[in-house]
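J.: 3D, please:
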Amino acid sequence: MAGDYSGSLRRLVHAFKYDARTSLARPLAGLLRTRAAEVLAGADVAVPVPLHPWRRLHRGFNQAALLAGALGLPVCRALRRTRPTPPQVGLSAAARRRSVRDAFAPAWHLLRSQRPLEGRIVVLIDDVRTTGATLHECAVALKKMGAVEVRSAALAQAPVRERPVQEHAA
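T.: Residues are numbered from 1 along each chain as shown. Predicted coordinates:
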């Protein structure tokens, strides 16, 4: 992770992602490359976390793909979302896990290949990590595609908000 999802980094990620400031991809990838050097070392390929096609169409770009493309590793768009998932913002950790369960599969162009990532060390790239539920589900799909190791790198780590435990009166 490049840093906590707060302050200047949060503002930069928001400008990049929501204000379509795609020119920030290179400097943000440079920051990620520096902070995640150990994760990227020895990796064979970067795989961006995919957006659902409708969200990609609405936003006009996939921020994770832009970051991956500026890291200096070969990029493989190996995954696709099998269904739309709600935005993760505001969901509890448990809801996030349920929301993305089985939501990723091999990209259409890779379906003919039984194990397109056979023996490769893959680094999943995303903009913000919270619980890791999305990255976990992506990693499961990549392992099924033959990846020998799946690592992850994200620009920012957001705080995990669990729902408060309800106290019961006796």
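
J.: in this protein, what spans have low per-residue confidence?
T.: Residues of the chain meeting the criterion pLDDT under 70: 111-114, 160-170.

J.: what about 80?
T.: 1-2, 86-92, 108-116, 160-170 (pLDDT under 80).

J.: mind listing the strands for it?
T.: Along the chain, counting by DSSP state E, strands occupy 3-4, 45-48, 79-81, 104-106, 121-129, 149-157.

J.: residue closest to the middle of the chain?
T.: Against the mean C-alpha coordinate of the chain, by CA atoms, centre = their mean, the closest residue is residue 126 at 2.9 Å.

J.: Show me what counts as buried in stretch 48-65.
T.: If you call a residue buried by 16 or more other CB atoms under 10 Å, then stretch 48-65 has these buried ones: 48-51, 62-65. The way it works is simple: take the backbone N, C-alpha and C, and place the C-beta from them, glycine included.

J.: Oops, could you answer that again for stretch 5-20 instead?
T.: Quick answer for stretch 5-20 (16+ other CB under 10 Å): 5, 9-10, 12-13, 16-17.

J.: Need the winner for burial among the strands of the chain.
T.: Counting by mean count of other CB atoms under 10 Å, strand 45-48 has the highest mean neighbour count of these, with a mean of 25.

J.: So what's the gap between that strand and the chain middle?
T.: Counting by CA atoms, centre = their mean, to the nearest Å, strand 45-48 is centred 10 Å from the centre of its parent chain.

J.: which strands and helices sit next to that strand?
T.: Strand 45-48 sits against helix 63-69, strand 121-129, with contacts defined as 3 or more CB pairs under 8 Å, 6 or more residues apart in numbering; DSSP states H and E.

J.: Looking at those, which is nearest to residue 109?
T.: Residue 109 sits nearest to helix 63-69 of all the helices and strands packed on strand 45-48, at 14.4 Å, using CB to CB.

J.: just checking, what packs against the closest one?
T.: Judged by 3+ CB pairs under 8 Å, 6+ apart, helix 63-69 is in contact with helix 25-35, strand 45-48, strand 121-129.
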